[in-house]
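> Next input, structure requested:
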Amino acid sequence: MGYFDIQVNGYGGVDYNQEDLGAEDLHRSCQHLRADGVEGILATIITEAPEKMIGRLQRLVALREADPLVREMIAGLHIEGPFLSPKDGYRGAHPTDAIRPADENLAARLLEAGAGLVRIFTLAPECDRDGRVTRLLKKEGVVISAGHTDASLDELRAAIEAGLSMMTHLGNGCPMMQNRHDNIIQRALFLREHLWLSFIADGVHIPYPVLRNYLDLAAEKALVTTDAMAAAGLGPGTHRISRWTVLVKEDLAAWAPDGSHLLGSAMSMPRAVKNLARELGLSEQKIQALTCDNPRKAIGILP
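A predicted model of the protein is given here:
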C-alpha cells in the first residue's frame, strides 16, 4: 500500500490554489506524486475570499472528473479555513482579510462546491463558539480537524463533543513564542485519546527529539503529512503559493521571505520516511502506520 497524504496544497510546481489551474498541470502534478510513491492525497484549498475558495473547489472537482489518473490520486478534498484564528502566529500563512468566524451558510456552500469530495475541514473551535458548523460538518460525514487555533481546553472538549476528531499539523499554526505549559499543543496532547494528531516530519516544523516525544504520546492516533506546497519536488529556491512568495531551504521547509514564520513545506513523502527512519530510528512497521495506514483510517478509508 502506497503513501497517503491528507494535506497537499500543491506538488511538482503546481499550486492547487492557483486561479488558472489547468488540466495538464494537475495531471503532471499527480504523475509526480505517483512517481514519489504516493497512492492518494487530499488536495487542500486554503483560506481566501469565499467566492475564490468556491471557484477553486469547483475547478478541482471538474478537473478530477475529467482525468482518470487525477481521480485515482485525489481521493478527496481538505478545506483549511477560512474559520481560523486571526491572531498573529496562529493564522500562519492564511490572509487576515479572508479569515472569518464560522458560518453555517458559507460552510454549506463550500461543501456543495466540493461535490461530496470534502473529507477534512480544518477550523479553529473558538471561532465556532456554539458548535453549529462542527455539527453540520459531522452530519455531512466530514472529518473536523482543529488547526490554526488557540482553543482552550473547554473549547476543545466542547468541539470534540460536537464532532471534532483531528488536529491539523500539530506543533504548527501557533506562535514560536508562547506559554511553555498552557498552550494548544499541550491541550491537544492531553486530549489525544479523542483526536487523530497529524505531524510534519521535516525536523524544522517540529525538531526531531520533540517529534519523537509527540509520536510516542499520540501512539496509534498519530499520522504524518507533508503539508506540501507547489515547490514540493522542485528543491530549494524561491517559489510562489497563492498570495505568498516562499523561500525553500535545504531542509525543504518553506518560509516567508523574511524568515518570520513557516508557510508549509516542500517535502515529499519519501523524504519524510527517510527522516523518520534515519533521525528517529522508527521501524518499517511504525513508518507504514504513520504514512500509509493511519492517514486512511483517520478519514474512514480503512477500518
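
> which residue ranges form the helices in the stretch 101-250 of the chain?
Along the stretch 101-250 of the chain, the segments classed as helices by DSSP state H, counting those that start in this stretch run 104-113, 132-139, 153-162, 184-190, 208-218.

> Nearest to residue 256, out of the ones you listed?
Proximity to residue 256, assessed across those by CB to CB, is greatest for helix 184-190 (20.8 Å). All C-beta atoms are positioned from the backbone trio N, CA, C, and that covers glycine.

> Which strands or helices does the longest strand seen in the chain pack on?
For the chain, the strand with the greatest residue count under DSSP state E is strand 38-46. When contacts are defined as 3 or more CB pairs under 8 Å, 6 or more residues apart in numbering; DSSP states H and E, strand 38-46 sits against strand 3-8, helix 50-65, helix 68-73, strand 74-80.

> List the buried residues of the second one.
This means helix 50-65. Going by neighbour count (16 or more other CB atoms under 10 Å), the buried part of helix 50-65 is 50, 53-54, 56-57, 59-61, 63-64.

> what's the angle between the longest strand of the chain and helix 50-65?
160 degrees (axes from the mean of the first three to the mean of the last three CA atoms, to 10 degrees).

> and strand 38-46, which strands flank it?
Looking at strand 38-46 with DSSP bridges, its partner strands are strand 3-8 (parallel), strand 74-80 (parallel).

> where does the stretch 101-250 of the chain dip in pLDDT?
240-244 (pLDDT under 70).

> Could you report the separation of the closest residue to residue 50 other than its chain neighbours from residue 54?
Excluding the flanking residues, the one nearest residue 50 by CB to CB, 6 or more residues apart in numbering is residue 106, at 5.7 Å. Counting by CB to CB, to the nearest Å, the gap between residue 106 and residue 54 amounts to 9 Å.

> Was I right to think residue 273 contacts residue 287?
Yes. Between residue 273 and residue 287 a contact is recorded at 5.6 Å, counting by CB atoms under 8 Å.

> out of the helices of the stretch 101-250 of the chain, nearest to residue 302?
helix 208-218 (17.6 Å).

> Please point out which parts of that closest one sit buried.
In helix 208-218, counting by 16+ other CB under 10 Å, buried: 208, 211-212, 214-215, 218.

> and for it, what are the contacting residues?
Here helix 208-218 makes contact (CB atoms under 8 Å, 6 or more residues apart in numbering) with 170-171, 189, 192, 197, 199, 201, 203, 206, 222, 275, 279-280, 282, 290.

> and of those, the nearest to residue 10?
Checking the contacts of helix 208-218 one by one against residue 10 (CB to CB), the nearest turns out to be residue 201, at 18.8 Å.

> tell me the phi and psi of the closest one?
phi -100, psi 60 (degrees, to the nearest 10).

> Tell me which residues touch the residue lying closest to it once chain neighbours are set aside, please.
Leaving aside its chain neighbours, residue 201 sits nearest to residue 272 (4.5 Å; criterion: CB to CB, 6+ apart). Contacts for residue 272 (CB under 8 Å, 6+ apart) come out as 201-202, 224, 226, 291.

> do the same with residue 49
Contacts of residue 49 by CB under 8 Å, 6+ apart are residue 98.

> Could you check how far it is from residue 254?
Distance from residue 49 to residue 254, counting by CB to CB: 23 Å.

> now swap in residue 82 and tell me
21 Å.

> doesn't residue 53 make contact with residue 94?
No. Assessed by CB under 8 Å, residue 94 is found out of contact with residue 53, at 11.4 Å.
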